[in-house]
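K.L.:
Please work out how this folds:
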Amino acid sequence: MNLREILAAKGAAIFTTGPEATLREAAQRLVENRVGALLVVPRGTDGRLASQLLGIISERDVLRICAAGTSLDKTCVAEVMSTQLTLGSPHDELDHVMGVMTSERKRHLPVVSDGRVEGIVSIGDIVKAQHDLLAVENRFMKDYIRS
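P.N.:
I've put the predicted structure just below:
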């Protein structure tokens, strides 16, 4: 199983924020969309969010600021976002992605093809995909043994 198949199963919805947004605004988007991370993209000259990926901000980033006592209204996303991104390709296999996310301690992985973001997967998506594969193998083995 590869990342393209995981995105097809879960959907390729991408939730974003601009680097100038406050952390309160980012936190509200995280809650509204029930996601753990937002991709950070700049606003174009028309005011719309562009497709260039600048970084990622996660609920953990917001919690770190809260724990430090810093104002969510006075801190912008650009000050906190992670810019050292680990990216996945739609062709990356599940085992490879599991290893990368584990070794680099990443909970969210943007999936990019030809410079275009195709989606984002979380560690939960990866665990679910692995579980589903093992369930199919288990069922196959039980059926094989019974026959």
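
K.L.:
confidence score at Arg4?
P.N.:
pLDDT recorded at Arg4 is 95.

K.L.:
Please point out which parts of the helix or strand bottoming out on mean pLDDT in the chain sit buried.
P.N.:
Using mean pLDDT, DSSP states H and E, helix 123-146 stands out as the lowest-scoring helix or strand of the chain, at a mean of 87. Under the neighbour-count criterion of 16 or more other CB atoms under 10 Å, helix 123-146 has 123, 125-126, 129 buried. C-beta here means a position set from N, CA and C on the backbone, and glycine is covered the same way.

K.L.:
hang on, Arg105 in a strand?
P.N.:
No: with DSSP: H, G, I helix; E, B strand; the rest coil as the criterion, Arg105 is coil rather than part of a strand.

K.L.:
contacting residues for it?
P.N.:
Contacts for Arg105 (CB atoms under 8 Å, 6 or more residues apart in numbering) come out as none.
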